[in-house]
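Enquirer: turn this into a model:
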Amino acid sequence: MSSPPRSGEPPALERKIGPLQATAINMTQMCGIGPFVTIPAMVATMGGPQAMFGWVIGAIVALADGLIWAELGAAMPGAGGTYLYLREAFQYRSGRLMPFLFVWSAVLFIPLIMSTGIIGLVQYLGYLIPGVTDDAGTTPLGKIIGVGITVVIVAALFRKIGQIGKLTTVLFVVMLIAVLTTVVAAYTHFSGAQAFAFTPGAFSSAGAGTFWGGLGAGLIIAIYDYLGYNTTAYLGGEVRTPGRTLPRSILFSILGIMSLYFLLQVGVLGSVPLEELKTATSVASTVLEQAWGTATAKVVTVFIVVAAIGSVFAGLLGGSRVPFEAARDKVFLPVFGKLHPKLHLPTAGVLTMGAITIIGSLFTLTDVINAAVATLVVIQSLAQVAAIVTLRRRQPDLRRPYRQWLYPVPTLIALVGWVYLYVSATWLSIGLSLGWIAVGAIAYLVYAKAERTWPFGPKEIKEAFAAEEEGAHA
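Expert: Numbers count the residues shown, from 1 in each chain. Here you go, the predicted model:
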């Protein structure tokens, strides 16, 4: 547990999150509204029941990437996650450029991912409230409701981390009830012949609508649904015994969610006719209604909406910590480095990401997913692949409570998966992601000139976590 700050010192983050709460935070963020709104898109993209294998391939990429997060997070358990890893790994060649670009991009892609949760939960509200959705999608009323829910979530984040950990555990239980109830409902009238009726020629080597032809776009959907297994790494400065808790929370959450997703996908395939499934907007509600009637379907749909709110809550909780550490290092706007004097949370991070989440919720689900994932891949996922390799070489004596199993095999699998996923994104998303990074590079040059740091001044090489180890043994 963190000791209280001395008189005159700025308030510090408190280590209050234990193993159960850490895993709950990750799984709540991962399984919000995602699978409930993307299963139809996955089936349509991959042409039929073969979509079930898309979740498995996505889980393999997520697990390989999760092992990178596990090693880096356990070795450098501070607020900000990727920011710390890139700061330590890239300082030798490019100074503060890479961590700056990451924070610049994270302030965009993290709330964009959260906005997909708002879009999805509004779709399910359409099953409960007439006028929220129509055949064309979300109505103006639905968008207003989405904005209102986001404001409530941001307000709920203004409490101490110990209280947030308990609240997230409750939301985690709600999420499990929603998913498991839908799974049970699907299997009460399950048809194995329907679930495994693969489209003729589904696994041929070419053609849209086949497994391989739709794998790229399907993998973007799958990875989007798995995102969140790294949330506790962003909260590394608030996790107890991070060397043990962070790796376990990451691995357990990926394996647990993979199992839930596969059961849910197969169950839905075996209970909803394929053509109806491809165009469904609230597929879980459909499954529940045909199993147990409208009343039960509406009750569980409420749980699904609450689970989606929990996912956005957990995502903004972790994401708001990313610019905090950078601002404390004078690598980002100083306002992001200030903590609330009583609640000890980064006020500017919470409010900024909440505002961007509201803006993102006004667009379509597919467009936001593509834009967010494409931006994330370049400046986070691929950069961390380079970071783990660089740190193994540059800081071999860095204390690593967890070392990646079978290194470098998982790192190479993650590299191949992320490159394939990126080139599978839409050209618009790729262009926007590169354009955002280019603008960020210009912003960095302005910052670097003002701060007289690289390339307008000397590089500052400071192996912060290695230095902490030396101090601990001195």
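Enquirer: what about the strands in the stretch 101-250 of the chain?
Expert: Here the stretch 101-250 of the chain has its strands, by DSSP state E, counting those that start in this stretch, at 133-134, 137-138.
Enquirer: tell me how far the longest helix along the chain lies from the chain's centre.
Expert: Longest helix in the chain by number of residues (criterion: DSSP state H): helix 97-128. Relative to its chain's centre, helix 97-128 lies at 9 Å (CA atoms, centre = their mean, to the nearest Å).
Enquirer: residues in contact with the closest residue to residue 380 other than its chain neighbours?
Expert: Distances taken as CB to CB, 6 or more residues apart in numbering place residue 82 nearest to residue 380, at 5.2 Å, with adjacent residues excluded. Every residue, glycine included, has its C-beta placed from N, CA and C. The contact partners of residue 82, by CB atoms under 8 Å, 6 or more residues apart in numbering, come to 102, 106, 233, 322, 380, 383-384.
Enquirer: hmm, which of the residues you listed is lowest in pLDDT?
Expert: Ranked by pLDDT, these bottom out at residue 322, which has 84.
Enquirer: can you tell me the closest non-neighbouring residue to that residue?
Expert: Leaving aside its sequence neighbours, residue 322 sits nearest to residue 106 (CB to CB, 6+ apart; 4.7 Å).
Enquirer: quick check: the one you found vs residue 366, distance?
Expert: Look at residue 106 and residue 366: by CB to CB, to the nearest Å, they are 22 Å apart.
Enquirer: circling back to that earlier point, pick the most buried one from the strands of the stretch 101-250 of the chain.
Expert: strand 137-138 (a mean of 20; mean count of other CB atoms under 10 Å).
Enquirer: so which elements touch the helix or strand encompassing residue 38?
Expert: Residue 38 is part of helix 34-46, with elements assigned from DSSP states H and E. On a contact count with 3 or more CB pairs under 8 Å, 6 or more residues apart in numbering; DSSP states H and E, helix 34-46 meets helix 52-75, helix 97-128, helix 211-226, helix 242-269, helix 274-278, helix 283-292, helix 294-319.
Enquirer: want to throw the ones you listed into JSON lines with mean neighbour count?
Expert: As requested, the helices and strands packed on helix 34-46 are exported to JSON lines (neighbours: other CB atoms under 10 Å):
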{"stretch": "helix 52-75", "mean neighbour count": "24"}
{"stretch": "helix 97-128", "mean neighbour count": "25"}
{"stretch": "helix 211-226", "mean neighbour count": "23"}
{"stretch": "helix 242-269", "mean neighbour count": "22"}
{"stretch": "helix 274-278", "mean neighbour count": "15"}
{"stretch": "helix 283-292", "mean neighbour count": "22"}
{"stretch": "helix 294-319", "mean neighbour count": "23"}
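Enquirer: tabulate these in CSV, adding columns for distance to residue 172.
Expert: Formatted as CSV, the helices and strands packed on helix 34-46 follow (distance: least, CB to CB, whole Å):
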stretch, distance to residue 172
helix 52-75, 18
helix 97-128, 15
helix 211-226, 16
helix 242-269, 10
helix 274-278, 28
helix 283-292, 18
helix 294-319, 7
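Enquirer: quick one: closest of those to residue 414.
Expert: Nearest to residue 414, of all the helices and strands packed on helix 34-46, is helix 52-75, at 4.1 Å by CB to CB.
Enquirer: the contacts of residue 82 in helices, which ones?
Expert: With helices defined by DSSP H, the entries of the contacts of residue 82 inside them are 102, 106, 233, 322, 383-384.
Enquirer: count of residues packed around residue 462?
Expert: For residue 462, the count of nearby residues is 12 (other CB atoms under 10 Å).
Enquirer: skip the chain neighbours and tell me the closest residue to it.
Expert: For residue 462, the closest residue by CB to CB, 6+ apart turns out to be residue 91, at 7.2 Å.
Enquirer: that neighbour - that's part of a helix, no?
Expert: Yes. According to DSSP: H, G, I helix; E, B strand; the rest coil, residue 91 belongs to a helix.
Enquirer: mind checking how far it is from residue 377?
Expert: 23 Å.
Enquirer: kindly report the same for residue 286.
Expert: Taking CB to CB as the measure, residue 286 falls 33 Å from residue 377.
Enquirer: surely residue 234 and residue 77 touch.
Expert: No. Contact criterion CB atoms under 8 Å: residue 234 and residue 77 do not qualify, at 10.9 Å.
Enquirer: the more surrounded of those two?
Expert: residue 234 (29 against 24).
Enquirer: mind listing what the residue nearest to residue 322 touches?
Expert: Residue 106 makes contact with 82-83, 319, 322-323, 379-380 under the criterion CB under 8 Å, 6+ apart.
Enquirer: so which of these is the closest to residue 342?
Expert: Using CB to CB, the contacts of residue 106 come closest to residue 342 at residue 323, 20.6 Å.
Enquirer: picking that back up, so how far is residue 387 from the residue nearest to residue 380?
Expert: For residue 82 relative to residue 387 (CB to CB), the value is 8 Å.
Enquirer: do the same with residue 242
Expert: 18 Å.
Enquirer: residue 353 now?
Expert: 23 Å.
Enquirer: quick one: which of those two has more around it?
Expert: residue 353 (28 against 23).
Enquirer: shouldn't the more buried one be within a helix?
Expert: Yes. Using three-state DSSP, the assignment for residue 353 is a helix.
Enquirer: what about the nearest residue to it once chain neighbours are set aside, distance to residue 319?
Expert: Closest residue in space to residue 353, ignoring its immediate chain neighbours: residue 111 at 4.2 Å, by CB to CB, 6+ apart. Counting by CB to CB, the gap from residue 111 to residue 319 is 7 Å.
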